[in-house]
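Asker: Just the structure for this:
(chains A and B)
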Number of protein chains: 2
Amino acid sequence: MSITKENILAALKNVEDPDLKKDLVTLGMIENLSIDGNKVSFSVVLTTPACPMKEMLENACRNAIKHFVSKEAEINIHMTSRVTSTPTQLTGNIKNIIVVASGKGGVGKSTVAANLAIALNLNGAKVGLIDADIYGPSVPIMFGLQGAKPKATEINGKTSIEPIEKYGIKLLSIGFFTDPNQPVPWRGPMISTAVKQLFNDASWGELDYLVVDLPPGTGDIHITVAQSFPISGAVIVTTPQQVALADAKKGIGMFRMEAINIPLLGIIENMSYFTPVELPDHKYYIFGKNGGKELAEMYNAPFLGELPLVQSISEAGDAGIPVVLQENNPSATAFLQLAQKVAQQVAIQNDKANTKK
Amino acid sequence: MSITKENILAALKNVEDPDLKKDLVTLGMIENLSIDGNKVSFSVVLTTPACPMKEMLENACRNAIKHFVSKEAEINIHMTSRVTSTPTQLTGNIKNIIVVASGKGGVGKSTVAANLAIALNLNGAKVGLIDADIYGPSVPIMFGLQGAKPKATEINGKTSIEPIEKYGIKLLSIGFFTDPNQPVPWRGPMISTAVKQLFNDASWGELDYLVVDLPPGTGDIHITVAQSFPISGAVIVTTPQQVALADAKKGIGMFRMEAINIPLLGIIENMSYFTPVELPDHKYYIFGKNGGKELAEMYNAPFLGELPLVQSISEAGDAGIPVVLQENNPSATAFLQLAQKVAQQVAIQNDKANTKK
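Answerer: I've put the predicted structure just below:
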């Protein structure tokens, strides 16, 4: 078959995005197609730079052209991405807001939020992080930013807070605005105002993902965030403990309430097991086993993986350098994979929402 | 010296309560003194049945009489207790309200509250437990009371909730009044009302200690409880993690605020280390080391001890039988000792408050 744009596109119609269950041409993912003799070059515009199937899709395109058009084609594919969004989600230049939540505190929610944000950025996305855990903001410690004070500038007579940039992430924490040794015994309405300011009064610029570390539980902040901002989806963090799972169910229940209605991107089980250095084959299921996976099955939600209880994760957080930044650390790999799964779920949810319309 | 009431009391004036730094006679702890020839009998009324110095004080009384009065005395001491309170603390028939708090969630606050309540009861005290963790009530699971519904009776036209009794504890949890699979996305004022009802509208009867499991953080419930009820003191639970310690400081700061002003009974470090069965000599400090102790020193507060990360504690909680009820379990012993230290601190705070007046 001759190497023409039509034939190439016809061939590429055989390559399906396994998540979105449609072919790349229909999805509008093929751009800049040009032919020069035997030379075929085009871009594949993925829904996220953190696409876990990038390599697989590139190979599939190559094979389809060789198989359906010509073995002689010299194929040059530029794999790129344009993070999807839905019209209702778009707030300013923020394409997707991902909330990280847990029913129970202390399950590693902030650790997941921080590492997820950095991992999305390492994959090539523009990422912001809001630490909305008003009672226990952990981002300042986890990013080594204790005592940091974001600049506030006047733009058109309106105060604009400048997020602090670290490890490629633009971030704001309620902890930047409070004394770390003083409590914040604020009543509900004050909290709502403070959290809204982190979203509305900051110069976030363009972001593919804004990750929000919510406080544990189901309180004022959750209602405020859910009702004030368009959320792409929620990631639920739990440990395998019954008491944590029970609280996680409440969290899921809240996101599913009609008045809130936020898609569940999936469930992460943290502190799944502990493996001592001296006994690398032993897994101690200190908090029980498989609770997160069973919870995901119960709610028919994606299970995003289990993260072991590892001293280096806790130490890295305390030292201000999240573990995902450590090379050759298995936990870093785990978080990079997690970020891909989350990005994948966001793309699926966006496609669902856009298809409905 | 002859065996007379006067001589016996003079001798007992040499026995000092090491916590209250006063002698037993001055403290009014000697009651029902009777002499019959060589036979001397009296009661020592301690400030708590969970007094860790019970045996030591009994021996000291015996020795003082033998030494100062007569070697021939046949001494019969009845060690008993009347839990102290302060006039301002007394709410109905509840002598002392102890709040268990943490800055950060998931540090084992509910585990400590449940085991503390049972341990105080095992020591002989009348104990109630309120689970005020409105977003993640753990008491129903920890006491094996999922689905339990407390009875409500009409007394003089006023509804009175009957606490549920289990393991010798009268208990109420906000979890008894909500669907475990549904969230409680209540705004602040609704929460305050709900929590006040657990205190005011329940037939607690006479209690030496009412233990209150507060939610993590420093929010509406804390302000409500602190300002509505007379609190004997707060127990702070933390892990050795920096992010947990940072939040614990906020919690401590809140209790020390002038408008709240609740004495700090002490700090408990939980999940201090993990020891695998196969390596009994290894302590893995997964979350860091000595953070709780250092926090206690920083605030000049009693360090109430460290509790290891033990699978049986988590399992026991999930199974509905708190670990303190397991015989021959080292964690049970640890919780019994913890309860004694807490009771001791309550007595010390009460004595301070009563002396000031």
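Asker: What are the boundaries of the helices in the stretch 201-350 of chain A?
Answerer: A:220-228, A:242-256, A:291-298, A:311-319, A:330-356 (DSSP state H, counting those that start in this stretch).
Asker: now swap in the stretch 1-150 of chain A and tell me
Answerer: Per DSSP H, counting those that start in this stretch, the stretch 1-150 of chain A carries helices over the ranges A:5-12, A:54-68, A:109-122, A:139-142.
Asker: Can you check which of those helices gets nearest to chain B?
Answerer: Closest to chain B of these is helix A:139-142 (Cβ to the nearest Cβ; 5.3 Å). Using the backbone N, CA and C atoms, a C-beta is placed for each residue, glycine as well.
Asker: A:Lys39 contacts A:Glu72, doesn't it?
Answerer: No: taking contacts as Cβ atoms under 8 Å, A:Lys39 lies outside contact range of A:Glu72: 10.3 Å.
Asker: Up against chain B, what does the stretch 101-250 of chain A have?
Answerer: Applying Cβ under 8 Å from any Cβ of the partner chain, we find that the stretch 101-250 of chain A lies next to chain B at A:103-107, A:110, A:134-136, A:138, A:141-142, A:180-189, A:191, A:215-220, A:222-223, A:239, A:241-244, A:246-247, A:249-250.
Asker: List only those of those flagged as buried.
Answerer: With burial judged by 16 or more other Cβ atoms under 10 Å in any protein chain shown, the buried subset of these is A:103-107, A:110, A:134-136, A:138, A:141-142, A:180, A:183-188, A:191, A:215-220, A:222-223, A:239, A:241-244, A:246-247, A:249-250.
Asker: for the helices of the stretch 201-350 of chain A, which one ends up most surrounded?
Answerer: helix A:242-256 (a mean of 24; mean count of other Cβ atoms under 10 Å in any protein chain shown).
Asker: do you know how far A:Glu327 is from A:Leu122?
Answerer: Distance, A:Glu327 to A:Leu122, using Cβ to Cβ, to the nearest Å: 11 Å.
Asker: Who has more neighbours out of those two?
Answerer: A:Leu122 (20 against 6; other Cβ atoms under 10 Å in any protein chain shown).
Asker: Hmm, the more buried one is touching A:Leu336, no?
Answerer: Yes: the pair A:Leu122 and A:Leu336 passes the contact test of Cβ under 8 Å, sitting 6.6 Å apart.
Asker: Common neighbours of these two, please.
Answerer: A:Val324 (Cβ atoms under 8 Å, 6 or more residues apart in numbering or on different chains).
Asker: near chain B at all, the longest strand along chain A?
Answerer: For chain A, the longest strand by residue count, based on DSSP state E, is strand A:264-274. Yes: remark: strand A:264-274 sits within contact range of chain B at A:Phe274, by Cβ under 8 Å from any Cβ.
Asker: Would you enumerate the residues in contact with A:Gln344?
Answerer: So A:Gln344 contacts A:Asp19, A:Thr48, A:Ala50, A:Cys51, A:Pro52, A:Met53 (Cβ under 8 Å, 6+ apart).
Asker: Once you drop chain neighbours, what's closest to A:Gly219?
Answerer: In this structure, A:Gly219 finds its nearest non-sequential neighbour in B:Tyr135, 6.1 Å apart by Cβ to Cβ, 6 or more residues apart in numbering or on different chains.
Asker: Please look at that neighbour and B:Pro215 and confirm they touch.
Answerer: Yes: when contacts are counted by Cβ under 8 Å, B:Tyr135 is listed as touching B:Pro215 (5.9 Å).
Asker: okay, and the common contacts of those two?
Answerer: Counting by Cβ under 8 Å, 6+ apart, the shared contacts of B:Tyr135 and B:Pro215 are A:Gly217.
Asker: For the residue lying closest to A:Asp201 once chain neighbours are set aside, give the beta-bridge partners.
Answerer: Nearest residue to A:Asp201 in three dimensions, chain neighbours excluded: A:Ile161, at 5.5 Å (Cβ to Cβ, 6+ apart). Beta-bridge partners for A:Ile161, by DSSP bridges, are A:Ala152, A:Ala202.
Asker: if I pick the residue of the stretch 201-350 of chain A found nearest chain B, what's in contact with it?
Answerer: Residue nearest to chain B within the stretch 201-350 of chain A (Cβ to the nearest Cβ): A:Gly217, separated by 2.9 Å. Residues counted as contacts of A:Gly217 (Cβ under 8 Å, 6+ apart) are A:Gly103, A:Gly105, A:Asp247, A:Gly251, B:Gly105, B:Ile134, B:Tyr135, B:Gly136, B:Pro215.
Asker: Now the fifth one: closest residue in space that isn't a chain neighbour?
Answerer: The reference is to B:Gly105. A:Gly105 (1.5 Å).
Asker: The one you found and A:Thr238, how far apart?
Answerer: As for A:Gly105, its distance to A:Thr238 is 11 Å (criterion: Cβ to Cβ).
Asker: What lies in contact with stretch A:110-121?
Answerer: A:50, A:98, A:100, A:127-129, A:131, A:133, A:138-139, A:142-143, A:167-169, A:171, A:208-209, A:211-213, A:235, A:237, A:268, A:270, A:307, A:313-314, A:317, A:322-325, A:335-336, A:338-339, A:342-343, B:243.
Asker: Among those residues, name the buried ones.
Answerer: Here, 16+ other Cβ under 10 Å leaves A:50, A:98, A:100, A:127-129, A:131, A:133, A:138-139, A:142-143, A:167, A:169, A:171, A:208-209, A:211-213, A:235, A:237, A:268, A:270, A:307, A:313-314, A:317, A:322-325, A:335-336, A:338-339, A:342-343, B:243 buried among these.
Asker: so where's chain A shaky on pLDDT?
Answerer: A:88-91, A:182-188, A:357 (pLDDT under 70).
Asker: domains in it, as residue ranges please.
Answerer: Following the assignment in automatic domain parsing, chain A carries domains at A:5-81, A:97-356.
Asker: Nearest to B:Leu295, out of these?
Answerer: domain A:97-356 (11.4 Å; Cβ to Cβ).
Asker: Between the two ends of the closest one, how far is it?
Answerer: One end of domain A:97-356 to the other measures 20 Å (Cα to Cα, to the nearest Å).
Asker: I figured A:Lys293 hits A:Leu304, correct?
Answerer: No: using Cβ under 8 Å, A:Lys293 makes no contact with A:Leu304, being 10.3 Å away.
Asker: Can you give the distance of stretch A:23-39 from its chain's centre?
Answerer: 29 Å (Cα atoms, centre = their mean, to the nearest Å).
Asker: Now do the same contact list for A:Ala259.
Answerer: Per Cβ under 8 Å, 6+ apart, neighbours of A:Ala259: A:Gln227.
Asker: Hmm, A:Met254 is touching A:Thr218, no?
Answerer: Yes: the pair A:Met254 / A:Thr218 is scored as a contact, 4.4 Å apart, by Cβ under 8 Å.
Asker: How about A:Gln340: what's its closest non-neighbour residue?
Answerer: Nearest one to A:Gln340, counting by Cβ to Cβ, 6+ apart, is A:Pro52 at 3.9 Å.
Asker: what number of residues lie near that neighbour?
Answerer: 16.
Asker: how much space is there between A:Val25 and chain B?
Answerer: 43 Å (Cβ to the nearest Cβ, to the nearest Å).
Asker: So that residue sits against A:Glu16, correct?
Answerer: No: counting by Cβ under 8 Å, A:Val25 stays clear of A:Glu16, with 10.2 Å between them.
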